[in-house]
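In: Sharing a model that was predicted from the sequence below.
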Amino acid sequence: MNEQIESILFIDIETVAASSSYEKLSPRMQALWDKKANYLKKNEDDTAEIMYERAGIYAEFGKIVCISVAYVKNQQIRTKSFYGHEEKTLLQDFASLLSQYYSQPHHRLCAHNGKEFDFPYLCRRMLIHQIKLPSILDVSGKKPWETTFIDTMDMWRFGDYKNYTSLDLLAALFDMESPKDDIDGSQVNEYYWQHNDLERIKVYCEKDVTTLVKLYAALKGLPHQLEII
């Protein structure tokens, strides 16, 4: 096993709308979401209220309910999840992990579509909660090649920026078990706000992050039949 993989922390996050419904937003945030929704809508029937279930995609209107991380040690995948209703608490715990164990120059963070979603979302939500960014996440002023971020979607693109390829599709191509065998990302908001099922969301998030480790290994030509413990 390539030693480099043992210096990487693999990450997946699950996000939901900040409030259970559009009606629960403050008048100020309602007005701001109205502007956002009007910009995003594709059909005349789309209203700000209907579209609010998509608010979790945007760090300004959503919140993180689960961060699952994985690392490889002795060809074993080990996972840990930070999850709960108090976003600030789970972000503080995650930031503490990064500062304590992933602060050296050789350390890297990896996510699928992480440069477009996971990494900026984490940073924005930490700043909103006035949490100091761990050094590995603080990329302000750095050039893209100076950051510590690895993105498996970038690895698959080979320079082609016209296409989005999902983690589930890549798992199928490399004959890996689907991480979406129970719920998928489009259902997380429902399972959080309607079913209060954080445990199910955590299990789903951990499946994603273990698949991410195996995908990275496959893309690097490393053995990806790793044991999950």
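Out: Great, that's in hand.
In: now the strands for the chain?
Out: Using DSSP state E, the strands of the chain run over 8-17, 62-73, 76-83, 108-111, 149-151, 227-228.
In: any idea how the chain splits into domains?
Out: Using automatic domain parsing, the domains assigned to the chain come out as 3-14+68-228, 19-60.
In: Let me know which of these is tucked in deepest.
Out: Comparing the domains of the chain by mean neighbour count (mean count of other C-beta atoms under 10 Å), domain 3-14+68-228 comes out on top with a mean of 17. Where C-beta positions appear, they are placed from N, C-alpha and C, glycine not excepted.
In: before we move on, back to that, would you turn the strands of the chain into CSV with mean pLDDT and distance to residue 209?
Out: Converted to CSV, the strands of the chain look like this (pLDDT from 0 to 100; distance: least, C-beta to C-beta, whole Å):
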stretch, mean pLDDT, distance to residue 209
strand 8-17, 97, 4
strand 62-73, 96, 4
strand 76-83, 95, 6
strand 108-111, 97, 9
strand 149-151, 95, 13
strand 227-228, 64, 10
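In: For residue 71, list the residues it contacts.
Out: Going by C-beta atoms under 8 Å, 6 or more residues apart in numbering, residue 71 touches 6, 8, 9, 10, 77, 78.
In: What distance do you get for the fourth one to residue 161?
Out: To tie it back to what came earlier, the one meant is residue 10. Here residue 10 is placed at a distance of 23 Å from residue 161 (C-beta to C-beta, to the nearest Å).
In: for the last one, same thing?
Out: Applying C-beta to C-beta, one obtains 33 Å for the distance of residue 78 from residue 161.
In: Check the third one too.
Out: Plainly put, residue 9 is 25 Å away from residue 161 if you go by C-beta to C-beta.
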